[in-house]
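1. Predicted model, plus sequence, below.
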Amino acid sequence: MSHRLLTVAGLLCVAGLLTPPSTARAQSAGFPHTIEIWGGGGWWSGEEAESYRAGAGTGATALFNVGWPVQVGFDLTSSRFKTDVTIGDQSEFDVDEFTASGVVRRRLGSFPRIYPFLGARVGYTRTSATVATLRLEQNGVLVGPALGVEALLSGRLMLALTGEALFQNYGDAEIFLDDIRFEDSGGSAWRYWVKLGLSWMWGPDRVPFQNRRASGY
């Protein structure tokens, strides 16, 4: 049921971002396709994530123009964080996290060389850890909004600062001890990210069309 509610919430969020604007800026010209490589820090909140510490991560986000002011695409993320849970004589260990998600991004206006945006992610999340002969694995879903701003550095490059709040639910959790499998109930928590990225624009439009008009291109 939790997976289903998360999926519905994510689809409603994406549908809202994809709704065409009623202003004069809703026109055939659009924002170029972008590929963003980013790095950042993430932390957790929630009773079931009290032992999780903050950690660093990196990822790539590919976005494709579907008409101003909207882009859609996908994101791949890899991160690592520590947990204070004690297993045997080890009081902390590393947890690896991988996510793959769909992304929608909607710009919020036209400013010289500056592009604020709202976004959302819906997708898959996996955490795993190995301690001696014990292996932990969790698979789940994520959904949440994003807020950020992009700054044009040149005709093709932008600097992007993004903040995200993701609700992650792990309904499928497994514990392997000496390759013997045990089921677990999983859990859920909030995952927060602050990300700094470098975007490269490609496609038919090298420069966002608002800036091109203002510059006389």
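-> Thanks, I have it.

2. by contact count, what packs against the helix or strand containing Asn169?
-> Element membership of Asn169 [criterion: DSSP states H and E] is strand 157-177. In this structure, strand 157-177 packs against helix 2-18, strand 33-45, strand 114-131, strand 134-152, strand 180-184, strand 187-202, with contacts taken as 3 or more Cβ pairs under 8 Å, 6 or more residues apart in numbering; DSSP states H and E. No exception for glycine: its C-beta is placed from N, CA and C like everyone else's.

3. Make JSON lines out of the ones you listed and add mean neighbour count.
-> As requested, the helices and strands packed on strand 157-177 are arranged in JSON lines below (neighbours: other Cβ atoms under 10 Å):
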{"stretch": "helix 2-18", "mean neighbour count": "15"}
{"stretch": "strand 33-45", "mean neighbour count": "17"}
{"stretch": "strand 114-131", "mean neighbour count": "18"}
{"stretch": "strand 134-152", "mean neighbour count": "19"}
{"stretch": "strand 180-184", "mean neighbour count": "10"}
{"stretch": "strand 187-202", "mean neighbour count": "17"}
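
4. From Leu159, how far out is the residue nearest the centre of the chain?
-> With distances taken as Cα atoms, centre = their mean, Arg121 lies nearest the centre of the chain, 5.5 Å away. For Arg121, the distance to Leu159 equals 20 Å [Cβ to Cβ, to the nearest Å].

5. do the same with His33
-> Distance of His33 to Leu159, computed by Cβ to Cβ: 17 Å.

6. Also Trp202?
-> From Trp202 across to Leu159, the span is 17 Å (Cβ to Cβ).

7. hang on, the earlier thing: sheet partners, orientation included, of the strand holding Asn169?
-> strand 134-152 (antiparallel), strand 180-184 (antiparallel), strand 187-202 (antiparallel) (DSSP bridges).

8. follow-up on the earlier one: report the beta-bridge partners for the residue nearest to the centre of the chain.
-> In this entry, Arg121 is beta-bridged to Val103, Gly144, by DSSP bridges.

9. thought it was touching Glu164?
-> Yes: counting by Cβ atoms under 8 Å, Arg121 sits close enough to Glu164 to count as a contact (6.9 Å).

10. Common neighbours of those two, please.
-> Overlap of the contact sets of Arg121 and Glu164 (by Cβ atoms under 8 Å, 6 or more residues apart in numbering) consists of Gly144, Ala146.

11. weakest of the strands paired with strand 157-177 in terms of mean pLDDT?
-> The stretch with the lowest average pLDDT out of the strands paired with strand 157-177 is strand 180-184, scoring a mean of 78.

12. so how far is it off the chain centroid?
-> Remark: strand 180-184 is offset 29 Å from the chain centroid, using Cα atoms, centre = their mean, to the nearest Å.
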